[in-house]
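*Asks:* Build me a model:
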Amino acid sequence: MSAVIEEHHDDHDHKPTGIGRWLFSTNHKDIGTMYLWFSFTMLFIGGTLALVIRAELFQPGLQFIDPEMFNQMTTLHGLIMVFGVIMPAFVGLANWMVPLMIGAPDMALPRMNNWSFWLLPGAFGLLIASLIMSLMGMGSAPNFGWTFYAPLSTTYGPDSTDFFIFSVHMMGISSIMGAINIIATIINMRAPGMTYMKMPIFVWTWFITAYLLIAVMPVLAGVVTMMLTDRNFGTSFFSAAGGGDPVLFQHVFWFFGHPEVYIMILPSFGIISQIVPTFSRKKIFGYSSMVYATSSIAFLSFIVWAHHMFTTGMPVATELFFMYATMLIAVPTGVKVFNWVSTMWQGSLTFETPMLFAIAFIFLFTIGGFTGLMLAIVPADFQYHDTYFVVAHFHYVLVTGALYGIFAAVYFWIPKWTGNMYDESLGKWHFWVSTISVNVLFFPMHFVGLAGMPRRIPDYNMQFAEFNQIASIGAFVFGFAQLILLYNVIKTIRGKSTEKATDQVWEGAEGLEWTLPSPAPFHSFTTPPTVK
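*Replies:* Below is the predicted model of the structure:
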């Protein structure tokens, strides 16, 4: 270990500066920072596409964009938010915090870490280039929805579909390399005394998430390769005319897609499990049950994929299996919610911005969980399928779930990252404006969905007008609320008008699982955390 530390010091004696520091960085903090800024940039691009969608749906008959462009907007909004915002942000948080939390000097494979980041701008450059070409009248961007079902994407997809396939391959390679790095770091580089059952819950959730990534990313690579050969090399995996089956695409896609949903929420569970004990001034309630619940969720996520496909005509026995397996996921998820609430019970609670986002996460993510249970019921799903009810469900899970977890993490850890405290009143403004507007945006979608409004349509019947107007107003307020976060983050990094962070950032939270050393410069070796 001492040799590793000495070598680490030698590497950083000659600190690269300027653009070289970022292009060639092998430092986990710099790479984590780049992931987070990339994710933030993509949040504004994907969010802008969402605002175009909501402007189009503000009232029936209103045509800002033609229906073809509307389909491109929905497709790219989904792809950018899933692969360009949520996943890179979590990888950035893992890069920053996992080595610090387990007492490692850096990630196990620092050069691969650099490569896995720099693949992402290239991948999304390809995707966004197709949209720019479409806006310039040079063909069409992908227009088949973020789930890219065959034969829409294979037989009828525009030429830019091949750009999209290459882009997905690059994202997948990046994710697999990031996951290998996290697993290697956690297994091999824990500080002496840091046993598995002493690791912070955030480290556990990422450990399990990394295994999920390695298991399902090759499945995504397989399905887009089958698309590629169907489109360009005369195969017919998904073409009934050549003896294939379009439903096969759905099976392979959702075998990747459902664990992917949990890849996007498990790190949030870990973040909330760090924040709630800190602001409750108590240890997490039921540490080992949290670890086992996370593992159970990861396992069950592999055997529920066909609940996305109840309307494709499966045998009743198969429908029953997937219905009950889906409902079973509610049990370990309920264990987690119970443990978070029990941690807060009779704690010395304070309500700084990270805790506000954590409490909102617990409440609003649970709403997403309940609507998920409704969708798991086969006869009910026949009514809900492909309506706005589904859109409401997964946005409660991904926005007030995954994205709120990321917001909470940024406020919680930015004092450690920068050495400066963020502006608490701005943080609270960001929280309240976001939380009110996000519910104004997504809650009405449950009602229009139950009334029969289909998803992914550019125009609709007059009966849905009022709820759509309300949702669109909520969307614009929520979108612009994120500028408060941007301003607060820049203000904190510059540190001109903010107070310095202390060694123990959150007062009264000493002795909780682990304590970090004082804020360290980017290229310093971090001393191992104290293991209690």
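
*Asks:* backbone phi and psi for Ser140, please?
*Replies:* Here is the backbone geometry of Ser140 (degrees, to the nearest 10): phi -120, psi 140.

*Asks:* before we move on, what about Ala150?
*Replies:* Ala150 has phi and psi values of phi -80, psi 150 when expressed as degrees, to the nearest 10.

*Asks:* And it, how far from Gly347?
*Replies:* From Ala150 over to Gly347 the distance is 51 Å, taken as C-beta to C-beta, to the nearest Å. Every residue, glycine included, has its C-beta placed from N, CA and C.

*Asks:* if you count what's nearby, which of those two comes out ahead?
*Replies:* Using other C-beta atoms under 10 Å, the more surrounded residue of Ala150 and Gly347 is Ala150, with 27 against 16.

*Asks:* Counting by contacts, list what the helix or strand harbouring Thr366 packs against.
*Replies:* Using DSSP states H and E, Thr366 sits within helix 353-376. Judged by 3 or more C-beta pairs under 8 Å, 6 or more residues apart in numbering; DSSP states H and E, helix 353-376 is in contact with helix 266-280, helix 316-328, helix 330-344, helix 378-384, helix 388-397, helix 404-418, helix 424-450.

*Asks:* Can you give me the buried ones in the fourth one?
*Replies:* By neighbour count, with 16 or more other C-beta atoms under 10 Å as the criterion, the buried positions of helix 378-384 are 378, 381, 384.

*Asks:* Just want the most central residue of this structure.
*Replies:* Ile86 (2.6 Å; C-alpha atoms, centre = their mean).

*Asks:* you'd agree it is up against Ile406?
*Replies:* Yes. The pair Ile86 / Ile406 is scored as a contact, 7.3 Å apart, by C-beta atoms under 8 Å.

*Asks:* pLDDT on stretch 57-67, on average?
*Replies:* Regarding stretch 57-67, the rounded mean pLDDT is 93.

*Asks:* With only the CA atoms kept, save that stretch in CSV.
*Replies:* Output in CSV follows, covering the C-alpha atoms of stretch 57-67 (Å, rounded to 0.1, in the frame of the first residue of the first chain):
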residue,chain,number,x,y,z
LEU,A,57,-49.1,20.3,-25.7
PHE,A,58,-50.2,23.6,-24.0
GLN,A,59,-53.5,23.6,-25.9
PRO,A,60,-55.1,21.3,-28.6
GLY,A,61,-54.7,22.5,-32.1
LEU,A,62,-51.6,24.5,-31.3
GLN,A,63,-48.7,23.7,-33.6
PHE,A,64,-45.3,24.9,-32.7
ILE,A,65,-43.6,22.0,-34.4
ASP,A,66,-44.9,19.4,-36.9
PRO,A,67,-45.7,15.9,-35.6
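
*Asks:* ok now that stretch, how far from the chain's centre?
*Replies:* Its chain's C-alpha centre and that of stretch 57-67 lie 29 Å apart, by C-alpha atoms, centre = their mean, to the nearest Å.

*Asks:* Show residues contacting it.
*Replies:* Stretch 57-67 has contacts (C-beta atoms under 8 Å, 6 or more residues apart in numbering) with 52, 55-56, 73, 458-462, 464-465, 468-469, 471-472.

*Asks:* how about the closest residue to Ala330 other than its chain neighbours, what does it touch?
*Replies:* Spatially, and ignoring its direct neighbours in sequence, Ala330 is nearest to Leu373 (5.9 Å; C-beta to C-beta, 6 or more residues apart in numbering). Leu373 makes contacts with 326-327, 330, as judged by C-beta under 8 Å, 6+ apart.

*Asks:* Please apply the same query to Tyr156.
*Replies:* Phe144.

*Asks:* circling back to that earlier point, could you single out the most deeply buried of the helices and strands packed on helix 353-376?
*Replies:* Mean neighbours per residue, mean count of other C-beta atoms under 10 Å, is largest over those for helix 266-280, with a mean of 26.

*Asks:* Could you name the helices and strands sitting against it?
*Replies:* Secondary-structure packing of helix 266-280 (3+ C-beta pairs under 8 Å, 6+ apart): helix 87-102, helix 201-232, helix 287-300, helix 330-344, helix 353-376, helix 404-418.

*Asks:* Find the residue ranges of this protein scoring beneath the pLDDT cut-off.
*Replies:* 1-14, 508-532 (pLDDT under 70).

*Asks:* one more time with 50
*Replies:* 1-12, 510-532 (pLDDT under 50).

*Asks:* which residues touch stretch 383-397?
*Replies:* In contact with stretch 383-397 (C-beta under 8 Å, 6+ apart) are residues 261, 265, 310-311, 364-365, 367-369, 371-372, 374-375, 441-443, 445-446, 448-450, 452-456.

*Asks:* let's see 7 Å
*Replies:* Identification of contacts with stretch 383-397 by C-beta atoms under 7 Å, 6 or more residues apart in numbering yields 265, 310-311, 364-365, 367-368, 371-372, 374-375, 442, 445-446, 448-450, 452-455.

*Asks:* Just the buried residues of those residues.
*Replies:* Those of the contacts of stretch 383-397 that meet the buried threshold are 265, 310, 364-365, 367-368, 371-372, 375, 442, 445-446, 448-449, 453, 455, by 16+ other C-beta under 10 Å.

*Asks:* Among these, which one sits closest to Thr48?
*Replies:* Minimum distance to Thr48 across those is 18.1 Å, recorded for Phe442 (C-beta to C-beta).

*Asks:* From Phe467, how far off is the closest one?
*Replies:* 11 Å.

*Asks:* likewise Asn188?
*Replies:* To Phe467, Asn188 is 53 Å away according to C-beta to C-beta.

*Asks:* Give me the more crowded residue out of the two.
*Replies:* Neighbour count, other C-beta under 10 Å: between Asn188 and Phe467, Phe467 has more, with 19 against 9.

*Asks:* In contact with the more buried one: list those residues for me.
*Replies:* By C-beta under 7 Å, 6+ apart, the contact list for Phe467 reads 444, 447-448.

*Asks:* let's see it at 8 Å
*Replies:* 444-445, 447-448.

*Asks:* Could you identify the pair within those that is furthest apart?
*Replies:* Greatest spatial distance among these (C-beta to C-beta): Met445 and Phe447, at 7.4 Å.

*Asks:* before we move on, the earlier item: reformat the contacts of Leu373 as a markdown table; add distance to Ile80.
*Replies:* Formatted as a markdown table, the contacts of Leu373 follow (distance: C-beta to C-beta, whole Å):
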| residue | distance to Ile80 |
| --- | --- |
| Thr326 | 27 |
| Met327 | 32 |
| Ala330 | 30 |
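
*Asks:* Next, count neighbours for Ser153.
*Replies:* For Ser153, the neighbour count with other C-beta under 10 Å is 25.

*Asks:* ok, it touching Asn143?
*Replies:* No. Assessed by C-beta under 8 Å, Ser153 is found out of contact with Asn143, at 9.1 Å.
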